[in-house]
Every structure is written in structure tokens, then in C-alpha cells.
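>>> Structure for the following, please:
(one chain, ligands or ions: 1)
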Amino acid sequence: MDEGCNKVVIIGGGAAGYFAAITAAEKKPNAQVLLFEAGDRVLRKVKISGGGRCNLTHHCYEPKELSSHYPRGSKELRGAFHHWQPRDTIEWFETRGVKTKVETDGRIFPASDNSQSVIDCLRTEAKNLGVSEHLRTRVTDLKQTNNQWELEINQSEKIIADQVCLALGSLRGTGMEKTLTALGHIISPLIPSLFAFNLPEHPMVELAGISVPHAQAKTLPNGKPQHGPLLITHRGLSGPCILRLSAWDAQELATCKYKFEVEINWLGDHSLEKIKEVVSQYRKKFAVAKVSTNPSKELPKRLWAHLVDHAKISKDTTWAHLSKKEEQKLVKALGTYRCKVSGKTTNKEEFVTCGGVSLKQVDFRTMESKLAPGLHFAGECIDYDGITGGFNFQGAWTTGRIAGLAIATDPS
Ligand SMILES: Cc1cc2nc3c(=O)[nH]c(=O)nc-3n(C[C@H](O)[C@H](O)[C@H](O)COP(=O)(O)OP(=O)(O)OC[C@H]3O[C@@H](n4cnc5c(N)ncnc54)[C@H](O)[C@@H]3O)c2cc1C
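Reported below is the predicted structural model:
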């Protein structure tokens with residue numbers, strides 16, 4: 001790792017770092033592109049992502065709509081998606097032999113259902129383009145010296161680079177926060193996103209394993225409702241609907257230390273008015289049947305029984321004997337079910353850190369720092385994050401691609 005000119009260093013061997021390195025090496029063949037990875041393996045998150053299948057992007061090809069899946073960074077990414085979006089990602093991988101498939105919910109996976117095919121593709125491409133990979137190479141500091149960058153490696157060795165791309169992933173625990181702050185960068189608070197809600201000692205956890213396909217949930221008092229499948233687990237609530245909620249309200253939920261109230265509409269496609277109508281139809285249709293016998297096609301039997309119990313309706317009450325007050329309570333249990341959350345559980349399938357290098361300090365046309373020319377950023381270390389569904393990897397491919405391209409076309 002001698003000093004020299006035209007040296008490009010990409011720091012971080014994840015999805016964003018790889019895409020930046022490959023692009024820089026492809027578009028600037030005379031440059032020496034080095035990829036530094038602190039760990040003993042590259043692309044570790046790609047490997048475990050999507051339960052080992054790697055949900056590499058999402059079937060959404062319209063930049064405006066695509067950007068609406070990012071609770072933070074949506075405005076900045078919208079422009080970036082005009083340069084590199086899921087269609088480009090798919091084409092890129094398919095051209096290199098990774099066939100892809102779209103699932104019914106829009107998530108895109110390699111047809112092999114094996115994240116290793118994505119890893120093999122990226123590593124082969126990088127190798128063919130002459131990117132040199134350096135494992136156990138942690139950048140512990142970086143400083144600008146004239147028009148170059150001095151990097152401290154593993155707190156000892158120093159090397160000089162002409163251009164640098166920071167693709168560190170979550171900044172939590174990287175030790176680079178101080179370095180970036182010293183360069184004038186603002187780091188938005190690093191907090192988790194995409195987590196499940198714990199309901200300690202709540203009777204609902206006895207229903208673990210039950211899922212409702214079209215629920216709606218919001219955090220109280222002012223959360224924006226989110227829709228989608230909701231899963232009851234042995235700890236509390238999970239599933240896409242809850243993970244979306246955790247992403248959109250990540251900052252507020254961190255502030256209240258994950259103690260808050262959530263309100264669920266179990267028939268998420270129906271308004272409260274519609275639920276009232278449905279219940280009154282049940283009353284007419286099933287007069288002699290017990291209310292506790294599930295009349296709904298949409299809700300599982302055990303959940304219905306729980307909701308009737310929650311509304312304090314005796315399990316022997318028939319629809320004909322249901323009082324007006326009990327009917328109102330049942331409507332409330334179905335449409336505005338409230339429960340207290342205390343704590344969170346990190347989702348095993350996918351989790352990200354929200355927060356990172358301030359969006360205002362990065363030029364999303366080049367991913368270059370607005371404060372330090374020659375310093376680029378890509379991936380999760382920037383203050384953007386997406387909901388589940390392949391949006392986080394798409395963010396990494398897009399920002400990595402733009403950073404690599406800008407590095408390659410920089411005249412220095
Ligand atoms: C279990 C799990 C499953 C996931 N599944 C999906 C999914 O299916 N689809 C999806 O879209 N998203 C998924 N995500 C999110 C996705 O993995 C991330 O958004 C994505 O990996 C971010 O890429 P990155 O390159 O920015 O960061 P990373 O993949 O985190 O890579 C950063 C790399 O930089 C290295 N590094 C850090 N500091 C230094 C340093 N100082 N010097 C040198 N190297 C350093 C790290 O060791 C790491 O290898 C998942 C996340 C998790 C945790």
C-alpha cells in the first residue's frame with residue numbers, strides 16, 4: 001500500500017462500498033482502487049440479508065414513488081434514483097449472470113434464493129476490474145493534506161489517497177464519528193429502525209403466531225397510520241405493518257425510550273364507520289349465534305375470541321342479546337384496539353440504523369461532502385434509511401454507484 005497518485009480508497013466492504021469500488025474501477029481504469037474492510041470478511045450483511053436470500057431491491061421503477069419508502073432522505077434520494085434505480089440494479093446483476101425474481105409483495109431476490117450469488121457476482125466483478133480488497137484494514141482516522149487524504153490504518157500505518165469514499169455502514173461503533181465531526185460534519189443521532197414492539201405481560205402474546213393480512217397501526221398520540229400484514233409474536237407485535245411504523249416513528253420512539261401506546265385497526269381496509277356497519281350486519285345475520293363464534297372471514301378465530309373478551313362481552317352472549325354499549329366496545333376493539341408497548345426487539349430479517357452524516361452536507365449528484373472536496377459518502381452511514389422490502393440495499397447501490405462515478409470523472 002505505497003503512497004502514490006490516482007489512488008482511490010473505498011472504506012467499507014459492504015454493498016455500497018463494493019458498488020462504489022466497481023464503478024470507480026470500471027470508469028477510471030488507470031486508477032488504483034483499494035477497498036478497505038475492517039472485518040475479516042466482505043459483504044457480511046449481504047450474506048445474512050433477507051434470511052439468507054438477499055432482498056436486493058424492490059419492484060418500483062418510478063423515482064418519486066420509490067423515494068416515498070424512505071422515512072429519512074426521501075427528497076435527496078429522489079434525484080439520485082433518476083441516475084440509478086431498481087431497473088438499473090436488476091439489469092446490472094442480470095447482465096452479470098444473477099437472474100432475479102419478483103415476489104408478489106414487490107420484493108426482488110436472486111432467482112437462486114441464495115445471497116451468495118450476489119456476493120460472488122460483486123466479488124468477481126471487482127476482481128476482474130482490478131479492485132484490491134484489504135481485509136482487517138480498519139481506517140481509524142483521516143485528514144485532508146493539501147489536495148489529498150491521509151488515512152490512518154489500524155491506528156498505525158498511514159497511507160495517502162487522492163479520493164476517498166466512506167461506505168462504513170451504520171456509524172455506530174465505527175469510531176469514525178469523531179473524525180467526521182472534526183472535519184465539520186454533523187452526525188444526526190444514530191438510532192435503530194425496523195424493530196418489533198414488545199408487549200410485556202400482555203394477554204395478546206398468548207396468540208403468538210397469528211397474523212392478520214390487512215391491519216393498520218399507529219403510535220399515539222400523533223403517529224401516521226401504517227398498513228400491511230401484522231404478526232403477533234411471543235414478545236408482542238411484528239410484521240411489515242409494525243416494522244414500517246418503527247421506521248417512520250424511529251426518532252419519536254427513541255425519545256420516549258420505547259414506552260408508548262399503539263392503536264390497531266385489525267380490519268385495516270375498513271374505516272371505523274365501515275366497521276360499525278359490518279358489526280351491525282353481523283347482529284342481523286347471526287342473531288342467535290354467540291358473538292364469541294368468529295363471524296369474520298378476515299380475522300383468525302383466536303384473535304376474534306380475544307377481541308370479544310377484550311370488549312368484556314361474555315362468551316355466551318348472542319348477537320340478539322348484545323347491548324348497544326357492548327356493540328360499541330366491540331367496534332372499538334376491532335378498529336381502535338390500544339395496547340401499551342414497552343421495549344423493542346430487533347428484527348432478525350432486516351434492521352438498519354437511522355441517522356448518520358447530515359443530508360445537507362452531502363451533494364447527492366456526486367455523493368461528495370460539501371465541506372471536504374474529494375471525500376465521498378455511500379450507504380447507511382448517511383442519514384437516510386428505508387422501510388423493509390429491498391429499499392435499503394437499493395439506497396446502497398444507488399449512492400455507491402453515484403459516488404464511484406463521481407470519483408471516476410473527477411479530473412484530479
Ligand atoms: C440481518 C439484516 C438483514 C438485512 N436484510 C436486508 C434485505 O434483505 N434487503 C435490504 O434492502 N436491506 C437489508 N438489510 C439492510 C442492509 O443490509 C443495509 O442497508 C446495507 O447492508 C447497507 O450497506 P452499506 O454498504 O452501507 O453498509 P454495510 O453493509 O454495513 O457495510 C459497511 C462495511 O464497512 C465496514 N467498516 C466499518 N467501519 C470501517 C472502518 N473504519 N474501516 C474499514 N471498514 C469499515 C464494516 O465492517 C462493513 O463491512 C439487512 C440488515 C440486516 C442487519
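>>> State the helix or strand in which whatever residue of the stretch 51-200 of the chain ends up closest to the ligand lies.
Nearest residue of the stretch 51-200 of the chain to the ligand: Gly169, at 2.3 Å (Cβ to the nearest ligand atom). No exception for glycine: its C-beta is placed from N, CA and C like everyone else's. Assigned by DSSP states H and E, Gly169 falls within no helix or strand.
>>> Isn't it up against Ala378?
No. Between Gly169 and Ala378 there is no contact under Cβ atoms under 8 Å: 10.0 Å.
>>> What does the pLDDT read for the residue nearest to Val341 when sequence neighbours are not counted?
Among residues not flanking Val341 along the chain, Phe197 sits closest, at 4.4 Å (Cβ to Cβ, 6 or more residues apart in numbering). As predicted, Phe197 sits at a pLDDT of 97.
>>> got the contact list for Phe197?
Phe197 makes contacts with Gly236, Leu237, Ser238, Ile242, Ser246, Val262, Val341, Gly343, Lys344, Thr345, as judged by Cβ atoms under 8 Å, 6 or more residues apart in numbering.
>>> So which of these belong to helices?
Of these, the ones assigned to helices by DSSP state H are Ile242, Ser246.
>>> Quick one: residues contacting the residue of the stretch 51-200 of the chain closest to the ligand.
Neighbour list for Gly169: Gly12, Gly14, Ala16, Lys45, Gly379, Glu380, Cys381 [criterion: Cβ under 8 Å, 6+ apart].
>>> Nearest to Leu34, out of those: which one, please.
Comparing these against Leu34 with Cβ to Cβ places Gly12 closest, at 11.9 Å.
>>> Which neighbours do Gly169 and Ala378 have in common?
Listed as contacting both Gly169 and Ala378 by Cβ under 8 Å, 6+ apart are Ala16.
>>> Spell out which residues of this structure are next to the ligand.
Counting by Cβ under 6 Å from any ligand atom, the residues of the chain close to the ligand are 11-17, 36-39, 44-45, 48-50, 54-55, 138-139, 167-169, 174, 176, 349-352, 379-380, 390-393, 396.
>>> Out of the residues you listed, list just those in helices.
Counting by DSSP H, the residues of the chain next to the ligand place Ala15, Ala16, Gly17, Arg44, Lys45, Ile48, Ser49, Gly50, Phe391, Asn392, Phe393, Ala396 in helices.
>>> how many neighbours does the closest residue in space to Asn55 that isn't next to it in sequence have?
Excluding the flanking residues, the one nearest Asn55 by Cβ to Cβ, 6+ apart is Gly390, at 4.3 Å. Neighbours of Gly390 under the rule other Cβ atoms under 10 Å: 27.
>>> residues touching Asp410, list them.
Residues near Asp410 by Cβ under 8 Å, 6+ apart: Gln163, Gly374.
>>> quick one, phi psi at it?
The phi/psi pair for Asp410 (degrees, to the nearest 10) reads phi -70, psi 130.
>>> cool, Gly390 as well?
Backbone torsions for Gly390, taken as degrees, to the nearest 10, come to phi 100, psi 0.
>>> I figured it hits Arg107, correct?
Yes. Counting by Cβ under 8 Å, Gly390 touches Arg107, with 5.2 Å between them.
>>> so what sits against both of those two?
Here Gly390 and Arg107 have Gly50, Asn55, His58 as joint contacts, going by Cβ under 8 Å, 6+ apart.
>>> what's the burial count for the spatially closest residue to Ser280 that is not a sequence neighbour?
Using Cβ to Cβ, 6+ apart and skipping residues adjacent in sequence, the residue nearest Ser280 is Glu327, 7.4 Å away. Glu327 has 19 neighbours, counted by other Cβ under 10 Å.
>>> do the same with Ile187
For Ile187, the tally of surrounding residues (other Cβ under 10 Å) stands at 18.
>>> What subset of the contacts of Phe197 is buried?
By neighbour count, with 16 or more other Cβ atoms under 10 Å, the contacts of Phe197 hold Gly236, Leu237, Ser238, Ile242, Ser246, Val262, Val341, Lys344 as buried.
>>> my read: the first one touches Glu201, true?
No. Shown here, Gly236 and Glu201 do not form a contact pair, counting by Cβ under 8 Å, at 10.4 Å.
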